[in-house]
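Trainee: what follows is a predicted protein model with its sequence.
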Amino acid sequence: MENTVEIVKFLVVPFLFMAIVVLIFTLIVKRIWFEYITPIQESVNGIVDNFLIEMVLTMPSREAFKTQLQHLKKNIPLKKDWCKEAIIDQMISFKSNIHGNGAEQINVLYKALKLDKFSRKFLHDRRACIKCQGFYHFQALNYKKGIPDIQPFLKHKEIVTRSGATMAYISLTENYMESFLEFKTDITSLTVVLLMDIIHVKKISIPHNIDRWLDTRFNSMTKLGLRIMVYYNYNQRSKEIIALTKHKLDDIKIEAIVAIRFLFLDEAKEDLIKLFSQVNDQVQLEIIKTLQAIGDKSIIPFLLNIIQSRTNKDIKLEAVCCLNAIDVETVDNIAINDVQVQLMLKHVREIYLL
Amino acid sequence: MMNTFLVWLVRFYESFAFLYSASYIVIYVVLSVLSYLSILKHIRYQKFISEEILLRSNYLPGVSVVAPAFNEAMNIVYNVKSLLSLTYPKYEVIIVNDGSTDDTLLKLIKEFDLVKVDFYYQDKIPTQPVRGHYKSTNPIYYKLMVVDKENGKSKADASNAGINSAQYPLFLCTDVDCILKKDTILKLAKPFIESQNRVIATGAGIRISNSCEVRDGFLYRVHFPKQWYPRFQELEYLRSFLFGRMAWSKINGLLLVSGGLGMFDKDIVIKVGGYWHKSLGEDMELITRMRKYMHEQKLKFSIQYIPESLCWTEVPDTKEIFIRQRVRWARGLIQTLHLHRNMFFNPKYGMTAFVILPFFFLFEFLVPIIEFFGVIVLIFGFIFKTINVEFLLVISLAVYLFYFLITLISALIDDSMYRSYSNYRELIILIVMAMIEPIVYHPINVYASLKGYIHFARQKEQHWGVMVRKGFDSQKQEKI
């Protein structure tokens, strides 16, 4: 015990005390530094902003461009990382608001200020999130010269790096979607969402090999394929889409059922009805929603069976909604003798709940 | 003989207290490293995922914001407008009027042009009777739904009615007087989209709004609280949210997502029976039950925390109300641990059984008891002159300094990331508060916790109590 007290007294306590002093000092100094640097950063932002506006709107001659660039370098602390990041952020925000030659001019500036090297440095960091920041710079600035730098990461073993690289690569090459399939890898769900946005914003045409997207064993690719088909209203592979409703994964089943709904594949009716009893509640709900979009009076017996025999009220409510959309008379007749259906019918016909 | 026994007792307690403190410190050092890594990762990932892109996407899951309201007539209109102004492509706001005795409902009806609708209500989670559902005839407020129900004497019952009425797969539970940041829904929903495991709940930092400038339900400027109790609570929240919970989130060990701000997977919440209306710590109890369910079903899951302050709430600013709140929290803790005692060291419940629950038992529940015994041993030690004064002073100083250090690290992380306070004068006040907190504030906390344990042991009738507390503009009444 004596030794312990000695250790705590002469080692632990002084260490803690020193740590506290350092922390208090850091906390206050950081704050003072922040209050000192904020106006400088704001002024740099202002200078960069003016510079970008001038460069983009006036499109100066080569000589004027060089002079302006030298002038900018003199007025801002370009060697500082925070300054480089601030300029890149400004460029990205600028780029998202302009098109045409002006947008190209930003990339010229990006290279002239050697900011591409700064972004490239990120790609060689061991941390995935830093790598992704580099990919993002190239992607957001549409910096096509960065393509060779991104390429090696397309088959990276780490999913986050791979996804980041894939997104940037697709965005920059635009017709890469075809070869994307060949990489045979899974991507994150968030990447699927972001890729759909790239397709939308860049107006990337439908991949020529879209037919093969449903055959891959990588589920995220299948999901993406289905979403692309829906986005382009591509209904040439209806048989394969319908077959996917029997996929072992519920996620894919649901994606396929949703695709059937939006592509109006009315030939799927029979298959969906057969599938209904073999799947869980969530998939059943999606089936009924899809039948409401593609169904006709032939599915009335199926709906009646659900309404009269099912105990799950969510499914019953969806079935009432579906029947109400297909045949008002039938559902009205059922409601006469069934109070629960009456209440459900009021719910589905309530205009403020639509 | 008596003296020998007392000497032995004091020596035993000294060794125990030393080992306990040492293990506490080691655990906190580990937690701080985990927390730091987790925060760093979060900040870096934020940089390259543009939220603008996500906000215009059609592929995000829908979210129902559930906010119970009891006698909130004073500020309800502002609060609802604030909730309706959140940015997210697919969400609804469900205000549950929990049998208010003032004109909360009338104000809502008048301001938002509400009419009673034929909503088919299913009590998937049993609640007090629901009187009706209201929707706005004004398309601007199409996201708003008001559920009017009989008072259930608990926030849990009202929240459950809101969950039953929710149409989307995720729901965000908050208090109607909480002020949320505009992008709160997106920030909390993002882990549900990007995680490879099934995310069942997410939470984020809550801060204190007592001295903040609030205009029409919107946060205008953040200030360090001016009153003593809120100041100490600010430090506590800072430490707890930024430090503890981020670390637990890193190892998927979260047992608490605050009732003030949490997003949940509706399907799982309904399967486990929703909030337990008899619980005094219903938020912790729900997460424990959700973890239990996921373990039993052998489903992979995660509960994640976001190191950002997304919600500002008013906290008790008087001793009486503060103690009442802490008594309830302490009672909620022991109630939850007792209720789920069969989970302890049961291999079926994995990490929850072997790491999380034992941690909560040893370093949350036991702390006030050990400290109380420490005081008794100290008194006896002084009376019978058996105390090793040097040992006492050295260990106490080490624990005090460590406690202070942890608070300072939290403040440093917070200030580096978010610059929450307007100037360094407020930071200096924060440092001074952190310095005196262990001496002034901590004993009151220990007292409240012990009182809570005693109430639990005596099965004293539990009630939420009503307090008068200052709103942003004027006084209002609210449950705590």
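Mentor: Here it is on my side, so go on. Numbers count the residues shown, from 1 in each chain, chains lettered A, B, ... in the order given.
Trainee: burial measure for residue 120, as a count.
Mentor: You didn't say which chain, so I picked chain A. 15 (other C-beta atoms under 10 Å in any protein chain shown). Placement of C-beta: from N, CA and C, glycine included.
Trainee: nope, chain B
Mentor: 20.
Trainee: quick one: pLDDT of it?
Mentor: Looking at B:Tyr120, its pLDDT reads 95.
Trainee: quick one: B:Phe171 is in a strand?
Mentor: Yes: counting by DSSP: H, G, I helix; E, B strand; the rest coil, B:Phe171 is located in a strand.
Trainee: show me what residue of the stretch 301-450 of chain B gets nearest to chain A.
Mentor: For the stretch 301-450 of chain B, the residue closest to chain A is B:Leu401, as judged by C-beta to the nearest C-beta, at 3.8 Å.
Trainee: burial measure for that residue, as a count.
Mentor: B:Leu401, neighbours per other C-beta under 10 Å, totals 20.
Trainee: pLDDT-wise, which helix or strand of chain B ranks last?
Mentor: strand B:475-479 (a mean of 40; mean pLDDT, DSSP states H and E).
Trainee: ok, B:Asn197 to A:Thr166 distance?
Mentor: 22 Å (C-beta to C-beta, to the nearest Å).
Trainee: the more surrounded of these two?
Mentor: Using other C-beta under 10 Å as the criterion, B:Asn197 and A:Thr166 rank with A:Thr166 on top: 25 against 13.
Trainee: what residues of stretch B:367-381 count as buried?
Mentor: With burial defined by 16 or more other C-beta atoms under 10 Å in any protein chain shown, the residues of stretch B:367-381 counted as buried are B:Val367, B:Pro368, B:Ile370, B:Glu371, B:Gly374, B:Val377, B:Gly381.
Trainee: helix or strand: which one has the fifth one?
Mentor: By that I understand B:Gly374. In this structure, B:Gly374 sits in helix B:366-383 according to DSSP states H and E.
Trainee: state the mean pLDDT of the helix or strand following that helix.
Mentor: Next along the chain after helix B:366-383, taking DSSP H and E as the criterion, comes helix B:389-418. Across helix B:389-418, pLDDT averages out at 87.
Trainee: is chain A within reach of the helix or strand just after helix B:389-418?
Mentor: Counting by DSSP H and E, the next helix or strand C-terminal to helix B:389-418 is helix B:424-440. Yes: contact between helix B:424-440 and chain A, assessed by C-beta under 8 Å from any C-beta of the partner chain, occurs at B:Tyr424, B:Leu427, B:Ile428, B:Ile431.
Trainee: packing partners of helix B:424-440?
Mentor: helix A:13-58, helix B:228-238, helix B:389-418 (3 or more C-beta pairs under 8 Å, 6 or more residues apart in numbering or on different chains; DSSP states H and E).
Trainee: what packs against the longest one?
Mentor: By that I understand helix A:13-58. Short answer (3+ C-beta pairs under 8 Å, 6+ apart): helix A:13-58 packs on helix A:62-75, helix A:81-95, helix A:101-112, helix B:389-418, helix B:424-440.
Trainee: okay, buried residues for the third one please.
Mentor: This means helix A:101-112. A:Gly102, A:Ala103, A:Gln105, A:Ile106, A:Asn107, A:Leu109, A:Tyr110.
Trainee: ditto for the second one
Mentor: By neighbour count on 16+ other C-beta under 10 Å, the buried set for helix A:81-95 is A:Cys83, A:Lys84, A:Glu85, A:Ala86, A:Ile87, A:Ile88, A:Gln90, A:Met91, A:Ile92, A:Phe94, A:Lys95.
Trainee: what of the fourth one?
Mentor: Using 16+ other C-beta under 10 Å as the test for burial, helix B:389-418 gives B:391-392, B:394-395, B:397-415, B:417.
Trainee: stretch B:212-231 near chain A at all?
Mentor: No: judged by C-beta under 8 Å from any C-beta, stretch B:212-231 stays clear of chain A, getting no closer than 12.6 Å.
Trainee: check residue 333 and give its pLDDT.
Mentor: Since no chain was named, I'll use chain A. So, for A:Asn333, pLDDT stands at 93.
Trainee: let's do chain B instead
Mentor: pLDDT at B:Leu333 comes out at 95.
Trainee: contact partners for it?
Mentor: B:Gly281, B:Met284, B:Phe360, B:Glu364, B:Phe365, B:Gly452 (C-beta atoms under 8 Å, 6 or more residues apart in numbering or on different chains).
Trainee: tell me the one among these nearest to B:Ser21.
Mentor: B:Glu364 (15.3 Å; C-beta to C-beta).
Trainee: which stretch of helix or strand covers the nearest residue to the closest one once chain neighbours are set aside?
Mentor: Nearest non-adjacent residue to B:Glu364, counting by C-beta to C-beta, 6 or more residues apart in numbering or on different chains: B:Leu333, 6.3 Å away. In this structure, B:Leu333 sits in helix B:319-339 according to DSSP H and E.
Trainee: quick check: buried residues in the helix or strand harbouring B:Ser449?
Mentor: Using DSSP H and E, B:Ser449 falls within helix B:442-457. Across helix B:442-457, burial judged by 16+ other C-beta under 10 Å covers B:His442, B:Asn445, B:Val446, B:Ala448, B:Ser449, B:Leu450, B:Lys451, B:Gly452, B:Tyr453, B:His455, B:Phe456.
Trainee: do the same with stretch A:149-158
Mentor: Buried residues in stretch A:149-158 (16+ other C-beta under 10 Å): A:Asp149, A:Ile150, A:Phe153, A:Leu154, A:His156.
Trainee: helix/strand/coil for the closest residue to B:Leu254 other than its chain neighbours?
Mentor: The shortest distance from B:Leu254 to any non-neighbouring residue, by C-beta to C-beta, 6+ apart, is to B:Ile303 (4.3 Å). Assigned with three-state DSSP, B:Ile303 falls in the strand class.
Trainee: the residue nearest to B:Ala448 when sequence neighbours are not counted and B:Leu280, how far apart?
Mentor: Nearest residue to B:Ala448, sequence neighbours excluded (C-beta to C-beta, 6+ apart): B:Arg326, at 3.5 Å. From B:Arg326 over to B:Leu280 the distance is 11 Å, taken as C-beta to C-beta.
Trainee: thinking again about what came up before, and the contacts of B:Leu333, which two are furthest apart?
Mentor: The widest separation within these (C-beta to C-beta) is 14.5 Å, between B:Phe360 and B:Gly452.
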